[in-house]
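Visitor: Sequence and predicted structure are below.
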Amino acid sequence: MSNQQTMLSRVADSLYWMSRYLERAEHTGRLLDVHLNSTLDAPKKEELARIHRLQQCLSVAPNGIDTTEGLLEHFTFAADDTTTIITNVTLARENARQIREQLSSEMWTQLNTLYLSVLAARSSGLWRSAPHDFYIMVKEGAHLFQGITDATMNHGQGWHFIQIGRYLERALNLLNLLYVHFQDETWLERGDVGTQRYFELVAILKSVTAFEAYCKVYNPNLQSRWIAEFLLFNEAFPRSLRFCVDTIQASLLTLADATQRNRGTRLYRASGRLQSSLSYDEISDITDLRAYISSVKEQLLDIHVMLYGTFVNYPIETAL
Amino acid sequence: MSVLATLLERYNIHEYAFDETFDIDGRPRPQYRALVEKLAELSADELSYRQQASDATFLNQGITFTVYSDSQGTERTFPFDLLPRILTGHEWELIETGLTQRIYALNMFLHDIYHEGHIFKEKVIPYDLVASSRHYRREMRDVDVPLQTYVSICGTDLIRLPDGEFAVLEDNLRVPSGVSYMLANRQVTKNVFPTLFNNYGVRPVDQYAQALLSTLESLTPHLENPTVVLLTPGVFNSAYYEHTFLARQMGIELVEGRDLLVHDNVVYMRTTSGLKRVDIIYRRIDDDFLDALIFRPDSTLGVNGLFNAYRSGNVVLANAVGTGIADDKAVYAYVPDIIRFYLDEEPILQNVETYVLNDEKHREHVIANIDKMVVKAVGEAGGYGMLIGPHSTRQEQHDFVERINANPRNYIAQPTLALSVAPCFVDMQVEARHIDLRPFILSGQRTTIVPGGLTRVALRRGSLVVNSSQGGGSKDTWVLYE
């Protein structure tokens, strides 16, 4: 029946944002956990600088927070900030609730459970007494949701919107992280990096769970340049930029077939161009890393806008 | 009997009301014999265990409704009583023919009042009574609806009087709900009493969604594969669960107003593949909220321009706009006359005696006897805006008299009726509770009534109010082949 291929734009929109919000919650949770861990190793006098850097990674201007505890509390529970765990888990659940009949019941149950656990951790004080356990719970909750989604939902249109949401958000978060940490010429440095820089590089990798994966490819020899290469261009690591863009492109192509969209439109030209440049670019070609990151980020944001223009809020004249 | 010494120990045969299960002498009626024997085998603990299992099913599946007055935890399950209510094939036949006759006449009535108005010229019903109804839609004058079928989905409330006769308590012709509970109750009861169910010979109800879809599709006979959608007010509506359930069962899209748009008097839904034309809308939104350009301007639930597309014949709405007039409780009083007028037949199902308070004599009588009356606002549903005389305080009675005098057109009154009773499992005992019955009638090219309906139960002892919003529950309804 033709009905089975029909998907309301509103439903696609909710699935996409549900996925983005949950990815963002997981990212914030991981950054906080890594920060908490490295606070133990790093010199006390560095603390404020590191707090500010974390805020930059989340695209938030310094807002008077000057202790790690204040930082954790804010980015976990502040309801008025769009980057916090509670805001993103709540928004993911709200989006899911509007389209509950489109999700498998296992997916809904998992998302609802995660939401309730975050609320419970606030009232029980778990996050304060055992913050590491709490952030692991958030990350695992998000992973479990992803696994349940892949295992219980039809891999049809809806699933592809979930994929695009997740990987677009993941790519943008990664680019922000690199942009903040690879200032000036530091990323070109070679040889022994010194203890402090070493910890910072470990933290970058751990912020995207890449430490072990990186070591498998480059040995535990931490070099900024190799880290940049790994996180931007590795084709097998599921949090690298290239992997994200490959996944987005694959889902977009499936959607083009499912919705009978012309692959020659601007959306497909833009995503195709980005995908091929990532598969041919080499780290040695890049002279200005930050300019490169900004340009990719720009292209991803364009893809988001064009995705909307193609599937969700297209002008009706074009669709009649 | 030893049986009665256990589970049925506290069961009393009701003094005034008709008992569905036992006759005057306390003997089970023939169709209930096997159920009563089954109860004799079960202990309270076993029954309680099965009750808990069925309650858990409802909760886990999220079969809930929303209570508007309750700001906390607004999602609740609808209490379910696991003892089925049983109707014989003979009883059902009467109900079926009676309801078919009634819906047929009501559709003719709706066509007439929005067109020539023969019924006014013959002075069967006063024009003023119809035109003054809050649900009368002037905009529907001379609008032709497909097959002249205004009401495609109807949920009529039937009660059983003390003499055992069925009577119509009210016709719900706008957006009746509850059918998902009829279907869910059946699923659960089958699990609770599989053998009993199997031996009884119960007619199935599971074909309802398919019948609904066929009925809707039959409204556009000229279209090959019409696109049908279900229009919901959204996740905050009390019956949202039912909307998602029916849409899924029928395999159609569940849309909100914001998913639809009207261009050149044609309705489209916005999909990822572009705009898709919509032919039939099963709307679960009241007239008032359908189109802000025509009806309530503050409505954000509907679709601007929908009414013009409808008037142009480019989209079908089920039910049609303006059907509420026929379930205005003052018009209800005239339904027997309406049946005689259009069909030249005597009504098969009786009305409940009703006083129209616009009439001065009726009004005086009702005010003098208000402590014995049930007074209802004509435009309300769901048990809101009513006074139950015997269960009210003097102050409440006094307030209602003032309201009646201020706006007599807005109220009707009925004598307090003893609804029939059936056994329910309450507090580890089986006790008698008042019940009613809401069958669901579908009409398109033909009229279909799935055998059964929602039997609603007033779970509080002595209560006569069965509405889900007022502490009622429900049970499965078995219609037997024989």
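Guide: Perfect, thanks for sending it.
Visitor: what residue ranges in chain A score low on pLDDT?
Guide: A:1-4, A:184-187, A:189 (pLDDT under 70).
Visitor: What residues does it have near chain B?
Guide: Residues of chain A lying close to chain B by CB under 8 Å from any CB of the partner chain are A:1-10, A:12, A:97-98, A:100-101, A:105, A:157, A:255, A:258-261, A:311-312, A:314, A:316, A:319-320. All C-beta atoms are positioned from the backbone trio N, CA, C, and that covers glycine.
Visitor: repeat that with 7 Å
Guide: A:1, A:3, A:6-10, A:12, A:97-98, A:101, A:157, A:259-260, A:311, A:316, A:319-320 (CB under 7 Å from any CB of the partner chain).
Visitor: I figured B:Ala326 hits B:Phe109, correct?
Guide: Yes. At 6.1 Å, B:Ala326 and B:Phe109 qualify as touching, with contact defined as CB atoms under 7 Å.
Visitor: neighbours of the spatially closest residue to A:Val312 that is not a sequence neighbour, just the number please.
Guide: The spatial neighbour of A:Val312 that comes closest, neighbours along the chain excluded (CB to CB, 6 or more residues apart in numbering or on different chains), is A:Ser9 at 4.6 Å. Look at A:Ser9: counted by other CB atoms under 10 Å in any protein chain shown, it has 21 neighbours.
Visitor: For A:Ser9, which residues are in contact?
Guide: A:311-312, B:270-272 (CB atoms under 7 Å, 6 or more residues apart in numbering or on different chains).
Visitor: I'd like those laid out as JSON lines, including distance to B:Thr244.
Guide: What follows is these, written out as JSON lines (distance: CB to CB, whole Å):
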{"residue": "A:Phe311", "distance to B:Thr244": "23"}
{"residue": "A:Val312", "distance to B:Thr244": "21"}
{"residue": "B:Arg270", "distance to B:Thr244": "19"}
{"residue": "B:Thr271", "distance to B:Thr244": "18"}
{"residue": "B:Thr272", "distance to B:Thr244": "20"}
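Visitor: Look at the nearest residue to B:Gln445 once chain neighbours are set aside and report its pLDDT.
Guide: Nearest non-adjacent residue to B:Gln445, counting by CB to CB, 6+ apart: B:Ser218, 4.1 Å away. Listed pLDDT for B:Ser218 reads 97.
Visitor: The one 4 residues further on too?
Guide: Among the per-residue scores, B:His222 shows a pLDDT of 93.
Visitor: Likewise for B:Gly383?
Guide: Looking at B:Gly383, the pLDDT reads 65.
Visitor: likewise B:Ala40?
Guide: 85.
Visitor: C-terminal to the helix or strand containing it, what's the next element?
Guide: Secondary structure from DSSP states H and E places B:Ala40 in helix B:33-41. Per DSSP H and E, the first helix or strand lying C-terminal to helix B:33-41 is helix B:44-60.
Visitor: Return the set of buried residues in that next one.
Guide: B:47, B:50-51, B:54, B:57-58 (16 or more other CB atoms under 10 Å in any protein chain shown).
Visitor: burial measure for the residue in the stretch 51-200 of chain A that chain B sits nearest to, as a count.
Guide: Of all residues in the stretch 51-200 of chain A, A:Glu101 sits closest to chain B, with a separation of 4.2 Å (CB to the nearest CB). Look at A:Glu101: counted by other CB under 10 Å, it has 16 neighbours.
Visitor: Check B:Gly117 too.
Guide: Using other CB under 10 Å, B:Gly117 has 13 neighbouring residues.
Visitor: May I have the predicted confidence score for it?
Guide: According to the model, B:Gly117 scores 96 on pLDDT.
Visitor: how near is the closest residue to it other than its chain neighbours to A:Gln163?
Guide: Using CB to CB, 6+ apart and skipping the chain neighbours, the partner closest in space to B:Gly117 is B:Tyr127 (7.2 Å). Per CB to CB, to the nearest Å, B:Tyr127 is found 62 Å from A:Gln163.
Visitor: again, but for B:Ile281
Guide: Using CB to CB, we find B:Ile281 at a distance of 32 Å from A:Gln163.
Visitor: related to what we said a few turns ago, now which of the residues of chain A next to chain B would you call buried?
Guide: A:6-10, A:12, A:97-98, A:101, A:157, A:259, A:311.
Visitor: Can you add secondary structure and give these back as a markdown table?
Guide: Listed next are those as a markdown table, based on DSSP: H, G, I helix; E, B strand; the rest coil:
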| residue | secondary structure |
| --- | --- |
| A:Thr6 | coil |
| A:Met7 | coil |
| A:Leu8 | strand |
| A:Ser9 | helix |
| A:Arg10 | helix |
| A:Ala12 | helix |
| A:Arg97 | helix |
| A:Gln98 | helix |
| A:Glu101 | helix |
| A:Gln157 | helix |
| A:Thr259 | coil |
| A:Phe311 | helix |
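Visitor: hang on, B:Val192 packs against B:Arg50?
Guide: Yes. With contacts counted by CB under 7 Å, B:Val192 reaches B:Arg50, the gap being 4.9 Å.
Visitor: residues shared between the contacts of those two?
Guide: B:Leu82.
Visitor: ok, back up a step: count of neighbours near the residue nearest to B:Gln445?
Guide: B:Ser218: 19 neighbours (other CB under 10 Å).
Visitor: Okay, buried residues for stretch B:305-316 please.
Guide: By 16+ other CB under 10 Å, the buried positions in stretch B:305-316 come out as B:305-307, B:309-311, B:314-316.
Visitor: out of those, who's nearest chain A?
Guide: For these, the closest approach to chain A (CB to the nearest CB) belongs to B:Gly305, at 12.2 Å.
Visitor: Chain neighbours aside, what residue packs nearest to that closest one?
Guide: Closest residue to B:Gly305 apart from its sequence neighbours, by CB to CB, 6+ apart: B:Val262 at 3.4 Å.
Visitor: what is the mean pLDDT for the host helix or strand of that neighbour?
Guide: Take DSSP H and E as the rule and B:Val262 turns out to sit in strand B:260-263. Strand B:260-263 shows a mean pLDDT of 96 in the predicted model.
Visitor: Tell me the strands beside it, with direction?
Guide: When sheet partners are counted by DSSP bridges, strand B:260-263 sits next to strand B:266-271 (antiparallel).
Visitor: show me what contacts A:Gln102?
Guide: A:Gln102 sits in contact with A:11, A:158, where contact means CB under 7 Å, 6+ apart.
Visitor: Could I get the phi/psi values of B:Arg85?
Guide: phi -100, psi 130 (degrees, to the nearest 10).
Visitor: Pop the domain breakdown of the chain in here.
Guide: Here I'm looking at chain A. A:6-153, A:169-315 (the TED database).
Visitor: That was the other one, I meant chain B.
Guide: Following the assignment in the TED database, chain B carries domains at B:91-153+B:209-331, B:353-415.
Visitor: Who are the contact partners of B:His362?
Guide: B:His362 makes contact with B:355-356, according to CB under 7 Å, 6+ apart.
Visitor: Tell me the helix or strand right after whatever helix or strand it lives in.
Guide: According to DSSP H and E, B:His362 maps onto helix B:360-368. Note on helix B:360-368: by DSSP H and E, the next helix or strand toward the C-terminus is strand B:373-377.
Visitor: All set, thanks.
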